[in-house]
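**Student:** Kindly generate the corresponding structure for this input.
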Amino acid sequence: METPRLEDGKALWALAASCGLDVNSPYAYTLWCRDFSETSVVSRDQTGEVRGFVTGYVRPRAADTYFLWQVGVDQHVRGHRLARRMLDHVGRICASLGVRYVEATVTPDNTASRALFASFARDNGCDPQWSALFEREHFPTESGGHEREELVRIGPLSAPLASS
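**Tutor:** As a prediction, this is how the structure comes out:
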């Protein structure tokens with residue numbers, strides 16, 4: 001696990017597309033690797049190719065809360081708990097920054113993400129708290145619409161965070 005570098009932006013963009021994530025512009029991923037690299041992580045294979053990433057940031061108006069933006073894992077390395085290991089790594093970084101809560105949004109049918117956050121919460125002695133956040137009407141219909149997104153909030157976390 002390591003901090004993403006500026007040149008990783010194009011790999012994050014490509015991986016997000018191949019994973020079926022909501023894909024942002026290539027510019028956004030490159031900017032992410034510059035401005036939010038300290039609270040994000042990439043996982044590389046032995047050749048140096050990015051096989052997974054977690055992007056997130058400490059919320060500007062809630063310095064004790066980390067918002068996880070995206071988790072992407074290459075289909076060739078799924079089933080090896082890479083997403084969880086990356087989340088644990090980010091959790092340790094956040095603990096060092098005084099972060100006590102992790103938040104993310106998840107669509108109702110995303111069982112993989114729900115299981116990821118449930119296991120992270122359980123192993124850190126917390127119950128995930130789910131609530132409505134973004135409804136369909138919050139998204140432009142011109143873009144084809146978007147499923148609603150529920151907020152998961154995990155915490156308070158205590159250092160050291162669980163490591164799998």
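
**Student:** only C-alpha atoms for contact and neighbour calcs from this point on.
**Tutor:** Fine.

**Student:** In this structure, where is pLDDT below threshold?
**Tutor:** Residue ranges of the chain with pLDDT under 70: 133-146, 148, 159-164.

**Student:** which residues of the protein fall in strands?
**Tutor:** 41-44, 50-58, 65-73, 101-106, 129-134, 149-154 (DSSP state E).

**Student:** Next, format these as TSV and append distance to Arg92 and mean neighbour count.
**Tutor:** Converted to TSV, those look like this (distance: least, Cα to Cα, whole Å; neighbours: other Cα atoms under 10 Å):
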stretch	distance to Arg92	mean neighbour count
strand 41-44	11	21
strand 50-58	13	23
strand 65-73	12	21
strand 101-106	12	22
strand 129-134	21	14
strand 149-154	14	20
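
**Student:** Including distance to Val90, could these go into a markdown table?
**Tutor:** Below are these laid out as a markdown table (distance: least, Cα to Cα, whole Å):
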| stretch | distance to Val90 |
| --- | --- |
| strand 41-44 | 7 |
| strand 50-58 | 8 |
| strand 65-73 | 9 |
| strand 101-106 | 10 |
| strand 129-134 | 20 |
| strand 149-154 | 14 |
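
**Student:** quick one, which of the ones you listed is nearest to Ser18?
**Tutor:** strand 65-73 (9.0 Å; Cα to Cα).

**Student:** circling back to that earlier point, out of the strands of the chain, which is closest to Asp123?
**Tutor:** When the strands of the chain are ranked by proximity to Asp123 (Cα to Cα), strand 149-154 comes first, at 11.1 Å.

**Student:** Run through the neighbouring helices and strands of that closest one.
**Tutor:** If contacts are counted by 3 or more Cα pairs under 8 Å, 6 or more residues apart in numbering; DSSP states H and E, strand 149-154 sits against strand 101-106, helix 111-123, strand 129-134.

**Student:** Good, wrapping up.
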